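Asker: Kindly generate the corresponding structure for this input.
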Amino acid sequence: MRIATRPLGVVLVVALVTFVALPASAQFLYSGGSFSPTLYSLNPASGATVDSVTVVAAGYLIQQVKGLAAEPTTGELYAILRGVAPGEGGGGQFFLATIRPDTGEATVIGDLGDAFAGLAFDGTGTLYGVTGDGAFGPEILYTINTSDATVSGVMNLGNGTDGEAIAFNSGDGLMYHLSGWASPPEGGLGDVVFEKIDLGTMAITDIPLSGDFFINGNGLAYDAAQGDFVVALLNDVPVEGIQVAEFARISAAGEVSISGPLDEYAGGMAFSDFVPVELMSFSVE
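Answerer: Predicted coordinates:
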């Protein structure tokens, strides 16, 4: 976003990298590409793409955005990026990074050391991450140091199969976890796990899912303005033999409501009340 005042007299142009707060009704919803290095800005009502940028990091080859979370006081976007570090090869490592949503420029903080799948900040600004099923230590909840990407184990999350997504509900102070791969519609949503976690006691409460069917979910994020969660879903199209990505909402009670298609299945989603301002100008008499 670029904001400029109308010049009066002599104008001094000053470049700033800062953040401007917006009211909750003007929240931005960001989504990371699960299959590409893309950051999307989405319409929070429909999931339609408003804008997109390619995520780049100096010296790195970025392949995917596997997780996304906004720091609760600054709105800064943190991400799990999968990519290749300078001088390295192979299938890519998993890094913690920050992303500027206006340009896609990422700053790599450090190597996470395993295949992380989801991110979420709690209400105190502590960053949590969960490893995916392809990790050396799968389905483990960690805290992540935002300064150097070092991790510390919190608890095992053994419920569910493929797909691990977490989101912190600022309304009730609990962490929510979505995981699993459902059978065809006649099998229902019983194979998908939706649960809430008390981070103080580590107690886990199952939440039965209802409403619209889906086979897998990812990119879970809490919408404080609406009091529910947004999520990216996968569904089969049997006649065409393909899977499609869809945008949906899930209530804290587990009711699923699909809104429309997504341009890409999300590796992560995050709401932010803040947007970066790259250039502001003001006049000096």
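
Asker: which residues touch V244?
Answerer: Residues in contact with V244 (Cβ atoms under 8 Å, 6 or more residues apart in numbering) are 234-235, 237, 261. Backbone N, C-alpha and C define where each C-beta goes, glycine included.

Asker: Tell me which of the residues you listed has the lowest pLDDT.
Answerer: Note: of these, the lowest pLDDT belongs to V237, at 76.

Asker: Does that residue touch Q243 like I think?
Answerer: Yes - counting by Cβ atoms under 8 Å, Q243 is a contact partner of V237 at 7.0 Å.

Asker: which one of the two has more residues nearby?
Answerer: A count of neighbours by other Cβ atoms under 10 Å puts Q243 above the other of V237 and Q243, at 13 against 9.

Asker: what pairs with the residue nearest to that one when sequence neighbours are not counted across the strands?
Answerer: Spatial nearest neighbour of Q243, chain neighbours left out: L234 (5.2 Å); criterion: Cβ to Cβ, 6 or more residues apart in numbering. In this structure, L234 bridges to N216, A245 when assessed by DSSP bridges.

Asker: how near is L234 to G59?
Answerer: In this view, L234 and G59 are 33 Å apart by Cβ to Cβ, to the nearest Å.

Asker: The two - which one has more neighbours?
Answerer: L234 (19 against 9).

Asker: can I assume the more buried one is in contact with V192?
Answerer: No - counting by Cβ under 8 Å, L234 does not reach V192; the two are 10.9 Å apart.

Asker: Need the residues touching each of these two.
Answerer: With Cβ under 8 Å, 6+ apart, L234 and V192 have common neighbours 214, 216-217.

Asker: For those residues, which entry has the maximal number of neighbours?
Answerer: That'd be G217 among these, by other Cβ under 10 Å, with 29 neighbours.

Asker: Which pLDDT value belongs to that residue?
Answerer: pLDDT for G217: 94.

Asker: Start the count at 45 instead of 1 going forward.
Answerer: Done: numbering now begins at 45, and the last item shifts to G261.
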